[in-house]
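Enquirer: I would like to see how this sequence folds:
(2 chains)
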There are 2 protein chains.
Amino acid sequence: MNSNGKLEDKVKEVEQIIGKYLPEEKGYQKTVIQAMNYSILAGGKRLRPMLLQETYRMFQGTGEVAEPFMAAIEMVHTYSLVHDDLPCMDNDEYRRGKKTTHVVYGEGMAVLAGDGLLNFAFETAVKAFSFAEEKEEFDRIAKALSVFGQKAGIYGMIGGQTADIEAEDMGDGVTEEQLLFIHEHKTAALIQSAMMIGAILAGASKEEVGRIEKCAYNIGIAFQIQDDILDVTGSLTTLGKQTGSDEKNKKTTYVTLKGMEQAVEDVRALSAEAIEILSSFKERNEFLEGLVKRLITREK
Amino acid sequence: MNSNGKLEDKVKEVEQIIGKYLPEEKGYQKTVIQAMNYSILAGGKRLRPMLLQETYRMFQGTGEVAEPFMAAIEMVHTYSLVHDDLPCMDNDEYRRGKKTTHVVYGEGMAVLAGDGLLNFAFETAVKAFSFAEEKEEFDRIAKALSVFGQKAGIYGMIGGQTADIEAEDMGDGVTEEQLLFIHEHKTAALIQSAMMIGAILAGASKEEVGRIEKCAYNIGIAFQIQDDILDVTGSLTTLGKQTGSDEKNKKTTYVTLKGMEQAVEDVRALSAEAIEILSSFKERNEFLEGLVKRLITREK
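Expert: Below you'll find the predicted structure:
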């Protein structure tokens, strides 16, 4: 994705907004804040805040109210990686070519840093109320907070992680329904959260938010299937992480369940439908459409 | 505290309210929900939701808007225990005479159950907006959410836990300032959160919320000093947990820093000031005053 100048600028813009909301590293709690910021600043595509902002813009949102949510959703995504990497979870020592949080700060501090990020995500999202004056604005932020909580928790990402942990012990006994549940919750939920919050804050109707939810579902599932594909076809150098790890761990993936050909075809169909939904709204956002296409057809 | 019938009824009332907000154990995420509910239902004094409700009542609050926050604050308290008990933290196998969450469900699931509870706490608190109609009600809930987040996170409880972990490696090099920071953040913060939220939701003025914050600070610090005292004087049978553990771990406590006599005197003074603040408001709440006295002078 680095070949695209416009995208690089956008990443910088998003990172500058996230930076405004990061906590200062001081006080007796300094270490946990350092661990939190280390985890956030370790990089990443900043996909979720970018999707949030671009969906907000597509629905003609112009104010700053989306900014706290942009920072907040990246904090939620980051905490999930910090806890996922723990020795009692995936036990990963490197992520994005950097040492994981527990390797640098110790396990106990990594647990606290993850907790700190999750809690701070909500603290940050709540700051959106400082931009509210009219009752309708309070109401939109309250609705956005509700989606934010639901899509991150047991009915969203955490639910997916739970099912994923249990699937690991089932080897090839994992069903397609179960795998789709995992992808929908572990991956699609935060993408839905990002895009739905952008739409809600900009004043989209309930029906429009519903279509955005479906569109984001497709993006999330396609993104995850593409991840499974890349795990087979990618290489260590381009991805910055070990590939072929799913096969090594005898993990059921979309590719092992449906075959490579079907997987590639499903990514194409899901992606096409997502773009179709995006292009069905009154106003278009070409950057957003391009981002979605690039994401799903990415080769690293 | 079981000798008091009225208190037992109150605990039942609070537990019934918490019960309304617990998630149903179903779906592919069932295991994490079971682990969450196991942790919440393992017992406890239900002190924080009780303080929240009684402060709400003292300020003439009557509606249901405090209920989601009551459940939410107990979820935050519970998640902190689940993560605190993890092998990479305090490594405790029993709490309140029951096996800890990671012993029953495994470490990975205990991390997720803690995350699930913290996230669900915010999801639950946000449900308070369903009781809001007027703009002023939205505003109060937004303010309560802000306090809720701040007192639980790095500027509250998590900050205290961070300082506590670092103090453990310092043996007797821990200063009084540091120890008070730990007690203020690890213990007092959630008590402040409970009482401040009760006051805010009932429409207390900013000045009144400030006095409640100070009162709750005293209660929290006194409660924690009393804990340090009981660790020396208590016994396994009455407390349901190993005592003398602080000495065994060579942990700096208020008692080792200031001596038993001073510790007892400080509990008395802090408690007296807390009661004085409580009795300074227009309306009194005798149950609340009695609860605070009982808490601080408790012998188990």
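Enquirer: what sits against the nearest residue to A:Cys215 once chain neighbours are set aside?
Expert: Computed as Cβ to Cβ, 6 or more residues apart in numbering or on different chains, the closest residue to A:Cys215 that is not its neighbour in sequence is A:Ile277, at 4.0 Å. C-beta coordinates here come from the backbone N, C-alpha and C atoms, glycine included. With contacts taken as Cβ atoms under 8 Å, 6 or more residues apart in numbering or on different chains, A:Ile277 has the following neighbours: A:211-212, A:214-215, A:218.
Enquirer: wait, doesn't A:Asp98 sit right on A:Gly44?
Expert: Wrong residue type there; residue A:98 is Lys, not Asp. No. In this structure, A:Lys98 is not within contact of A:Gly44 by Cβ atoms under 8 Å, at 10.7 Å.
Enquirer: those two: who's more crowded?
Expert: The residue with more neighbours, out of A:Lys98 and A:Gly44, is A:Gly44; 18 against 15, by other Cβ atoms under 10 Å in any protein chain shown.
Enquirer: in a helix, that's where that one is, yeah?
Expert: No. Going by DSSP: H, G, I helix; E, B strand; the rest coil, the assignment for A:Gly44 is coil, not a helix.
Enquirer: of all the contacts of A:Ile277, which comes closest to A:Gln161?
Expert: A:Asn218 (21.2 Å; Cβ to Cβ).
Enquirer: and that closest one, which of the three is it?
Expert: Classified using three-state DSSP, A:Asn218 is helix.
Enquirer: measure it to B:Thr31 for me?
Expert: 28 Å (Cβ to Cβ, to the nearest Å).
Enquirer: quick one: the strand or helix carrying the residue nearest to A:Cys215 to chain centroid distance?
Expert: Under the criterion DSSP states H and E, the helix or strand holding A:Ile277 is helix A:260-278. Between the mean C-alpha point of helix A:260-278 and the mean C-alpha point of its chain there is a distance of 19 Å (Cα atoms, centre = their mean, to the nearest Å).
Enquirer: the helix or strand where A:Glu207 lies - what's its average pLDDT?
Expert: Using DSSP H and E, the secondary-structure element containing A:Glu207 is helix A:206-233. Taken as a whole, helix A:206-233 carries a mean pLDDT of 95.
Enquirer: how about stretch A:253-260: buried residues?
Expert: Along stretch A:253-260, these residues count as buried under the neighbour rule (16 or more other Cβ atoms under 10 Å in any protein chain shown): A:253-258.
Enquirer: of all these, which comes closest to B:Leu180?
Expert: Closest to B:Leu180, out of all of the buried residues of stretch A:253-260 and judged by Cβ to Cβ, is A:Thr253, at 52.2 Å.
Enquirer: which residue packs closest to that closest one, ignoring adjacent ones?
Expert: Here the nearest residue to A:Thr253 in space, its sequence neighbours aside, is A:Asp228; by Cβ to Cβ, 6+ apart that works out to 4.0 Å.
Enquirer: from A:Phe138, how far out is the one you found?
Expert: Using Cβ to Cβ, A:Asp228 is found at 42 Å from A:Phe138.
Enquirer: could you list the low-confidence segments of the stretch 101-250 of chain A?
Expert: Judged against pLDDT under 70, the low-scoring parts of the stretch 101-250 of chain A cover residues A:235-249.
Enquirer: quick one, phi/psi of the residue of chain A most remote from its centre?
Expert: Taking Cα atoms, centre = their mean, the residue of chain A most remote from its mean C-alpha position is A:Tyr28, at 31.0 Å. Note on A:Tyr28: its backbone torsions stand at phi -70, psi -20 [degrees, to the nearest 10].
Enquirer: got the contact list for it?
Expert: Residues counted as contacts of A:Tyr28 (Cβ under 8 Å, 6+ apart) are B:159, B:162-163, B:166, B:178, B:181-182.
Enquirer: go on, A:Asp227?
Expert: Residues in contact with A:Asp227 (Cβ under 8 Å, 6+ apart) are A:Thr187.
Enquirer: quick one: average pLDDT of stretch A:50-59?
Expert: Across stretch A:50-59, the average pLDDT comes to 97.
Enquirer: which residues outside that stretch are in contact with it?
Expert: Contact with stretch A:50-59 is made by A:10-11, A:14, A:17, A:66, A:69-70, A:73, A:191, A:194-199, A:201-204, A:208, A:212, A:216, A:278, A:281, A:283-285, A:287-288, A:291, as judged by Cβ under 8 Å, 6+ apart.
Enquirer: of those, grab the buried ones for ChimeraX.
Expert: Here is the ChimeraX selection string for the buried members of those, based on 16+ other Cβ under 10 Å:
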select /A:10,11,14,17,66,69,70,73,191,194,195,196,197,198,199,201,202,204,208,212,216,278,281,285,288,291
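Enquirer: quick one: average pLDDT of stretch A:253-260?
Expert: What stretch A:253-260 shows for mean pLDDT is 93.
Enquirer: dump it to PDB, restricted to CA.
Expert: Listed next in PDB are the C-alpha coordinates belonging to stretch A:253-260 (Å, rounded to 0.1, in the frame of the first residue of the first chain):
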ATOM      1  CA  THR A 253      -9.000 -21.400   7.400                       C
ATOM      2  CA  TYR A 254     -11.300 -20.300   4.700                       C
ATOM      3  CA  VAL A 255      -8.800 -21.700   2.200                       C
ATOM      4  CA  THR A 256      -8.500 -25.100   3.800                       C
ATOM      5  CA  LEU A 257     -12.400 -25.300   4.000                       C
ATOM      6  CA  LYS A 258     -13.300 -24.000   0.600                       C
ATOM      7  CA  GLY A 259     -10.200 -24.300  -1.500                       C
ATOM      8  CA  MET A 260      -8.000 -21.600  -3.000                       C
END
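Enquirer: before I go, just wanted to say thanks for your time.
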